[in-house]
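**Student:** Starting from these lines, generate the structure:
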Amino acid sequence: MSGEAPLIGILGGYGAVGAAAARALAAEGEFRLRIGGRNPEAAARCAAALGGPAEVWEVDARSDASLERFAQGCDVLLHCAGPAYELADRPRRAAAAAGADYVDVMDGCGPGPAPAGEGTAVLSAGLSPGLSGLLPRLLVDGRHLQGAARFTGFYVSLGAFTRTGAVDYLLSLDRGYGTPRAQWRDGRVVQGALRGAEERVVAGVPRPVTAYPYLTQELVGQAHALGLAEARWYNAFDGRHLLDTLNRYRAGDDRAGNLESQAEGVVRASTLDALGRSPYHVLCGVVEFSGADGAPVRRRVVIRGEDGSAMTGVVGAVAAREVARGRVPRGAHRAAQLLPARGVLDSLRRHLPSTLVTFDEGTPGEGLASDRHSGGGFAGAVVPADLVIEEGVL
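**Tutor:** Prediction:
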């Protein structure tokens with residue numbers, strides 16, 4: 001704004017997501033940071049741990065006036081607070097009113113149009129959606145794919161939800177991020193094309209999981225942009241407790257109680273699934289296409305991390321960095337559309353050294369690990385009709 005380093009305000013900057021974003025941005029050494037939240041002592045501790053100058057602000061994310069004061073003077077406002085769906089689009093509107101660009105690790109949390117006066121906004125800059133949408137781009141990697149290219153992706157996680165994460169997950173289930181049991185085929189969404197699969201083996205996951213097909217809007221956008229002939233996405237569950245709890249919620253059996261008690265049920269179920277086991281988050285993508293000689297080729301990427309909140313924070317930090325550097329044009333964008341895919345991987349490995357990224361390539365006949373229980377194809381086995389869970393946002 002005045003020749004100084006860009007100022008990035010991190011709303012919810014001392015939470016699990018925001019603190020990871022703050023550490024990643026501080027390590028860049030080119031930004032001023034403003035750490036904000038309702039607890040100034042927690043914000044001060046987070047700022048002190050960064051090892052460099054950072055402003056500390058008390059801000060109430062439920063107050064428009066407080067949010068606008070926080071956003072004043074910021075070049076970029078990075079929204080990492082929660083529950084995001086209870087805050088709706090307040091942070092985005094505050095950023096626009098203050099003349100700040102905006103990054104949201106969720107989806108912007110408002111069904112209405114962009115706020116008046118908004119400059120640049122990057123939405124869905126988290127783990128899923130966000131990093132999940134980069135898988136097709138990582139596999140295509142600028143290549144012109146011969147023939148009809150097919151993509152399939154998986155997201156599998158194991159670990160206890162936080163209370164805030166559970167609330168956001170439940171509130172996100174009704175937002176229509178995609179179409180259950182659908183696939184992308186020949187330029188359109190084909191509904192009811194797929195079924196779920198039990199005992200599905202996914203690369204990077206220690207044991208078979210229950211996978212449910214859910215074609216996300218994020219993947220539809222990538223399939224269209226990359227010219228994929230087919231695209232499929234599966235959300236998978238390692239254990240029955242969380243899956244059963246979410247199915248009851250979707251069926252309406254658990255909606256009589258208040259949101260807090262429902263969120264407690266999600267936290268409890270996810271804790272039971274993870275009991276005695278190491279937490280993980282795995283994204284796996286496979287693309288099939290014809291090579292230059294016409295022979296079939298299969299390429300796969302697996303991204304495995306231990307902490308989903310930290311992974312979300314790093315992806316959000318990359319988005320804020322790109323906006324602050326002036327590399328993102330004006331207007332609203334989804335992170336998967338424009339973030340530098342390789343740059344995101346580099347940041348994950350740099351800031352979260354336990355993150356593992358593997359690429360491999362072969363032929364369909366070689367049977368990559370993600371296909372062992374499905375006969376090398378994309379379709380899964382038929383499962384009971386009560387497997388109805390849809391996607392939530394992490």
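
**Student:** Let me know how buried Asp174 is, in neighbour terms.
**Tutor:** Neighbourhood size, Asp174 [other C-beta atoms under 10 Å]: 11. Where C-beta positions appear, they are placed from N, C-alpha and C, glycine not excepted.

**Student:** host element of it?
**Tutor:** Under the criterion DSSP states H and E, no helix or strand holds Asp174.

**Student:** Got phi/psi on it?
**Tutor:** Here the main-chain torsion angles of Asp174 (degrees, to the nearest 10) amount to phi -100, psi 10.

**Student:** now swap in Pro206 and tell me
**Tutor:** In terms of degrees, to the nearest 10, the main-chain angles of Pro206 are phi -70, psi -20.

**Student:** mind checking how far it is from Ser157?
**Tutor:** Pro206 is 13 Å from Ser157, where distance means C-beta to C-beta, to the nearest Å.

**Student:** Please identify which of the two sits among more neighbours.
**Tutor:** A count of neighbours by other C-beta under 10 Å puts Ser157 above the other of Pro206 and Ser157, at 25 against 13.

**Student:** per-residue confidence for the more buried one?
**Tutor:** Looking at Ser157, its pLDDT stands at 96.

**Student:** where do the contact lists of Pro206 and Ser157 overlap?
**Tutor:** Residues touching both Pro206 and Ser157 by C-beta atoms under 8 Å, 6 or more residues apart in numbering: Tyr280.

**Student:** Now do stretch 80-96: distance from first to last residue.
**Tutor:** Distance between the two ends of stretch 80-96: 17 Å, counting by C-alpha to C-alpha, to the nearest Å.

**Student:** State the mean pLDDT of it.
**Tutor:** Across stretch 80-96, pLDDT averages out at 91.

**Student:** Next, the buried residues of it.
**Tutor:** Judged by neighbour count using 16 or more other C-beta atoms under 10 Å, the buried positions of stretch 80-96 are 80-87, 89-96.

**Student:** can you tell me which two in the residues you listed are farthest apart?
**Tutor:** Spatial extent of the buried residues of stretch 80-96 (C-beta to C-beta) is set by the pair Pro83 and Ala96 at 21.6 Å.

**Student:** what about stretch 248-265, distance to the chain center?
**Tutor:** Relative to the centre of its chain, stretch 248-265 is centred 24 Å away, using C-alpha atoms, centre = their mean, to the nearest Å.

**Student:** Name the residues of it that are buried.
**Tutor:** By 16+ other C-beta under 10 Å, the buried positions in stretch 248-265 come out as Arg248, Tyr249, Arg250, Asp254, Gln262, Ala263, Glu264, Gly265.

**Student:** these two touch, right, Val314 and Leu352?
**Tutor:** Yes. Applying C-beta atoms under 8 Å, one finds Val314 in contact with Leu352, separated by 6.2 Å.

**Student:** Compare those two and say which is more crowded by neighbours.
**Tutor:** Legend: neighbour count by other C-beta under 10 Å for Val314 and Leu352, higher for Val314 (29 against 19).

**Student:** Can you name the next helix or strand after the strand or helix carrying the more buried one?
**Tutor:** Assigned by DSSP H and E, Val314 falls within helix 308-324. Next in sequence after helix 308-324, counting helices and strands by DSSP H and E, comes strand 331-334.

**Student:** From the rest of the structure, what touches that following strand?
**Tutor:** Contacts of strand 331-334 (C-beta under 8 Å, 6+ apart): Gly108, Ala114, Glu118, Thr120, Ala121, Val122, Leu123, Ser124, Pro129, Gly133, Glu218, Gly221.
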